[in-house]
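[1] Structure of the sequence below:
(chains A and B)
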Amino acid sequence: MKTIKTIYENIGLPRLIIGLFFIFLIVASIALGFSSAAIFSDVLRRWLMYGTLVLAMVPGIQSGIGLNFGVSLGISAGLLGSVLAMEISFVRDWPQILGAGAPWATLLLALLFGVVMAAFLGIVYGLLLNRVKGSEMTVSTYVGFSVIAFMNIVWLSLAFKNGELSWPLQGQGLRNTASLAGSFGGLLSNPDTVKATQPPWLHWLAFKVGGVTVPLGLILLFALLCFLVWLFFRSKLGIAMSGAGENELFTLSSGINVDQKRIQGTAISTILGAVGIILYAQTYGFLQLYNAPLMMGFASVASILIGGASVKRAKISHVLIGTLLFQGILVTALPVVNEVIEIGTLPEVLRIIISNGIILYALSKTKGGNV
Amino acid sequence: MNKTSAITKKIGSFLFDNKVMIAFAIVCIAAIMLSGSSLSFIVDGVFTRITRNTFTVLALIIPVLAGLGLNFGIVIGAVAAQIAVFCVVNWGFGGIEGMLLCVLIATPLAVLFGFLVGKLFNRMKGAEMIAGLILGYFADGLYQLLFLVIIGGIIPVDNPRLIISGGVGVKNTIDLTDNLKYAIDSVRMVDIVTVFFYIILAVTLIKVLLHFLKKYELKKNDFIFFGVVAVAFGISYIPTIERFLSTDRLVLLNALTIVLVVYAVIQIVKIVKLLWIEKEEPKALIQPIAMLLLCGVIYGLTYLPKIEQVLLFVKLPVLPFLLIAGLCWFNYKILSTRLGQNMRTVGQSQSVAMASGINVDQTRIIAMIISTVLASWGQLIFLQNIGTFSTYGAHTQIAQFAIAALLVGGASVQKATNKQAIIGVILFHTLFIVAPQAGKQLFNNAQIGEYFRVFVSYGVIALSLAMHAWKLVKKKEEPAAENSLSE
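    Residues are numbered from 1 along each chain as shown, chains lettered A, B, ... in the order given. So this is what the prediction gives:
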């Protein structure tokens, strides 16, 4: 009896409900006659697609800035890096010169630009967050919104030559969604793209077994990132950072510069956000500009909270479980809902209710009536 | 020498205290000049938006007073209003009766919602703003669930005007043209005066009754007030005035004249009072006389053809403006009540409030209920003026824009006044009107102007939240530093 209670306490009520709901949806969709291989492929794809963005929450929470709604900053850096890389690739005519290497070069350049810009923005953002200790979440939410709104102006003013990015016949402004088909889209995750554009010795990157798509390249990359973050929080630097997040006074007295640790945590979170959005776009096959990333920070926050993280503590396992549950529900709900009541927008409604409900729940747990 | 430096200091502190407002005013003026839009167009647009939005912005003031910060939860009030509008349209009511029914449905809903939100905020003290923001999104999700799935899906509603044909769920937009559109705007002035007279009559009769029952002591002022109202009511029967009053819109020129005359009369009464009753020094008269002259100058300006043209072009709906004025009065008056004082104390320090025996949690809940109810009424005014009810979009941005407007007026997380709300609405919506045109002139792209105004609305909130948080950190650090010094 006692063990059941401990297990229950470890899992927590929200996670239990959401987990059971997920299992129910899977059973329902199989009972309705959907192929389990297709469901599995979809869930896997979405899991990896959002994984890195959720992973970006870990350094933020651990370093004490709380739920980093301002990950939009990193997202914007990643998007800007991507469009710059694509434009350079187009202007320099890389597909002609580099052949199968062109998507790789574009992807790497996008990551490079994204990471550098995100590092810079992250440091500035960290400096800001140190000035507003105690209200980080409110401030970061609106900093995130402002950045997206500012980037809207940037997207609209950029005059690029690449026809996949810019509106035809306007000379100014980028498209709402730019296809990555001619660039790095699906390079690590889409078996068809890999087969069509890459040499045979790279065909292991993504392949099909039975009906299941295995995006091995993406799996390895995501695993590597998770491992790096895990390793980081076992290093001296990472432990000091966790200390700064957990107990500021204690850490201060042991001679650790708390403010600096917070800046580092924010910067790493922002960088992971930039990498995350590039991997997201890579998997999705499209670059979503303008207001599309407005609420992505919320989705990431909700995911890690569903995984069992709190405002003060997060682990890699929270990232993995949370993303699987949250995205899994959204993927499996759509076909089931369509079959049963034909309301296409219901999964979207579910997403709003679940993600904001879980954030509210987490907030009410941490701030308990202290005056 | 001393005097001039005092004046410069005064001007300096005025500039510093109103920096946000001044900066924004400069941006607005620049945008107006760039846009090249005609003045009539801008003034007309601004007044339309004042009608629509001021009430909601004013609904934000009480939570600020009570220390709950900027109430992002007003979305929930708007949701209550929209549920009411849906019901009323579905039942086929319209006009002012329909609107009263809306109020009748929306108010209890808003009270309930406000109570629940207040309860929730009491569990998250110090994080009300982020909680309110998330709560707004959460409520939006539940609202969508209600309107997309439950209505038509579980509750059968058979109304082809409202329900998506051949499916479940409510249509994206509900046309209010022949039911609730202008239900408040188009109330004639005569009717307002009449209703007001009967209300005052009833109140006075009750007072007299209570006087005879020895529950209430009649004062001289009660009769004077009734007399004034009765005379006004009598005057409304004079044919020319009746004709003037039987319209529902007031030309801005007339509205301005009325305001100026009323203001001038107040100043004259003040002067008379100062001179003959209080026997003050002539020095004290400077201010009222200056104001009187200002009124004269402004009235004189209305004769300039260009300004006159604008003032004749713009027509104001009367009742919404009276409601806005009423709410300003309410916000002002509540300060001098016991409840208002309690809210203030809670807002300044919860521990002090607790120590002086104020029920902190209850006071906060009351503030939330008032704000939510006012927000729901504000949304009703907004919807009836706009005339089309966008089912899934009307409420989503209201907190965002209302809060941005309030902050633009110079308010902060801890301090907000009626004046700031009104100035904020004027400035914020001026920018909203001219930004697309300005963007078009400046960048050859109207969309940039539109994105710019959205950026401004987010940016101003981010900035003021950050400044507030910064102040809090500094406040915490200062006593700590002093303590360490004394050691």
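
[2] Report the contact partners of residue B:117.
    Residue B:117 sits next to B:73, B:76, B:132, B:135, B:368, B:372 when contact means Cβ atoms under 8 Å, 6 or more residues apart in numbering or on different chains. In this view, the C-beta of every residue, glycine as well, is placed from N, C-alpha and C.

[3] What separation do you get for the fourth one and chain A?
    Translated: residue B:135. Using Cβ to the nearest Cβ, to the nearest Å, residue B:135 is found at 6 Å from chain A.

[4] What count of nearby residues applies to that residue?
    Look at residue B:135: counted by other Cβ atoms under 10 Å in any protein chain shown, it has 25 neighbours.

[5] got a list of what it touches?
    Applying Cβ under 8 Å, 6+ apart, the residues contacting residue B:135 are A:356, A:360, B:72, B:73, B:75, B:76, B:117, B:120.

[6] Check whether residue A:133 really touches residue B:474, as I assumed.
    No. Contact between residue A:133 and residue B:474 fails when scored by Cβ atoms under 8 Å: they sit 10.7 Å apart.

[7] Between the two, which has more neighbouring residues?
    residue A:133 (19 against 10).

[8] quick one, phi/psi of that one?
    The phi/psi pair for residue A:133 (degrees, to the nearest 10) reads phi -50, psi 130.

[9] now the one 3 residues further on
    Dihedral pair for residue A:136: phi -60, psi -40, per degrees, to the nearest 10.

[10] Now do it against chain B, distance only.
    8 Å.

[11] which is the next helix or strand following the one helix or strand residue A:54 maps to?
    In this assignment (DSSP states H and E), residue A:54 forms part of helix A:36-55. Next helix or strand after helix A:36-55 toward the C-terminus (DSSP H and E): helix A:57-62.

[12] Show me the contact partners of that next one.
    So helix A:57-62 is contacted by A:66-68, A:71, A:229, A:232-233, A:238, A:241-242, A:245, A:265-266, A:268-269, A:272, A:300-301, A:303-304, A:309-316, A:318-319 (Cβ under 8 Å, 6+ apart).

[13] what does stretch A:145-160 give?
    So stretch A:145-160 is contacted by A:70, A:72-73, A:76, A:79-80, A:83, A:87, A:90, A:166, A:171-174, A:289-291, A:293-294, B:443, B:445, B:447-448, B:451-452, B:454-455, B:457-459, B:461-462 (Cβ under 8 Å, 6+ apart).

[14] can you check stretch B:325-337 too?
    B:55, B:58-59, B:61-62, B:65, B:340-341, B:343-344, B:374, B:418, B:422.

[15] These, buried ones only, as a PyMOL selection?
    Here is the PyMOL command that selects the buried residues among the contacts of stretch B:325-337 (16 or more other Cβ atoms under 10 Å in any protein chain shown):
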select buried, chain B and resi 55+58+59+61+62+65+340+343+344+374+418+422
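
[16] which residues of the stretch 1-150 of chain B score low on pLDDT?
    B:1-3 (pLDDT under 70).

[17] Spit out the contact partners of residue B:437.
    B:34, B:35, B:36, B:37, B:446, B:449.

[18] One more pass at 10 Å, please.
    With contacts defined as Cβ atoms under 10 Å, 6 or more residues apart in numbering or on different chains, the neighbours of residue B:437 are B:31, B:32, B:34, B:35, B:36, B:37, B:41, B:42, B:446, B:449.
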